[in-house]
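Chemist: Structure of the sequence below:
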Amino acid sequence: MKTLLEDKTTVAELVKLVKRSAKGRIADEEDLDTYYRKFWIIAADLVEANVINKKQHNKYFWKGLPWELQYTISNRLEVQNANFESDQVPEMEKTIEAGWFVLRKAAVRGG
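Modeler: Just a heads-up that it's a prediction; the model follows:
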């Protein structure tokens, strides 16, 4: 029988997901959505319990994206917002929106 403590998600679980995802491939919107859902299941509880804050939440999500996608998303965000710097960690919602855009555009171009 599990105790309540065993049911709680941990930062270590989040880090494990982030590292695994960053080494993987996010090739299309479906892949991005899958990562988002897996991330949200763990991270939402951690934010709710004040284990991580919103800024950390955004940073963990960002780190879970393969670097090629981070680069492409950063470029997209710089085009959208002249004040955005590529060394900034964007909000998760903006990352997802830009990610959908660049992945959709890549799919139209054929990869």
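Chemist: Report the contact partners of residue 47.
Modeler: For residue 47, the contact set (CB atoms under 8 Å, 6 or more residues apart in numbering) comprises 53-54, 57. (C-beta placed from N, C-alpha, C; glycine too.)
Chemist: Regarding it, which helix or strand does it belong to?
Modeler: Here residue 47 sits within helix 29-48, counting by DSSP states H and E.
Chemist: Give me the buried positions along stretch 10-17.
Modeler: In terms of neighbour count (16 or more other CB atoms under 10 Å), stretch 10-17 has its buried residues at 14, 17.
Chemist: for stretch 67-85, same thing?
Modeler: 69-70, 72-74, 76-77, 84.
Chemist: Using CSV, list the CA coordinates for that stretch.
Modeler: Extracted in CSV, the C-alpha atoms of stretch 67-85 (Å, rounded to 0.1, in the frame of the first residue of the first chain):
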residue,chain,number,x,y,z
TRP,A,67,18.5,22.5,-28.3
GLU,A,68,17.6,22.7,-32.0
LEU,A,69,14.0,23.4,-31.2
GLN,A,70,15.0,25.9,-28.5
TYR,A,71,17.1,27.8,-31.1
THR,A,72,14.2,27.8,-33.6
ILE,A,73,11.7,28.9,-31.0
SER,A,74,14.1,31.7,-29.7
ASN,A,75,14.4,33.0,-33.3
ARG,A,76,10.6,33.0,-33.7
LEU,A,77,10.1,34.9,-30.4
GLU,A,78,12.8,37.5,-31.3
VAL,A,79,10.9,38.1,-34.6
GLN,A,80,7.6,38.5,-32.6
ASN,A,81,9.1,40.7,-29.8
ALA,A,82,12.0,43.1,-30.4
ASN,A,83,12.6,43.1,-26.6
PHE,A,84,13.1,39.3,-26.4
GLU,A,85,16.7,38.2,-26.0
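Chemist: could you flag which of the contacts of residue 47 are buried?
Modeler: Judged by 16+ other CB under 10 Å, buried ones among these: residue 57.
Chemist: which residue is nearest the middle of the protein?
Modeler: Centrality entry for the chain: nearest residue to the mean C-alpha point is residue 61, 2.9 Å, by CA atoms, centre = their mean.
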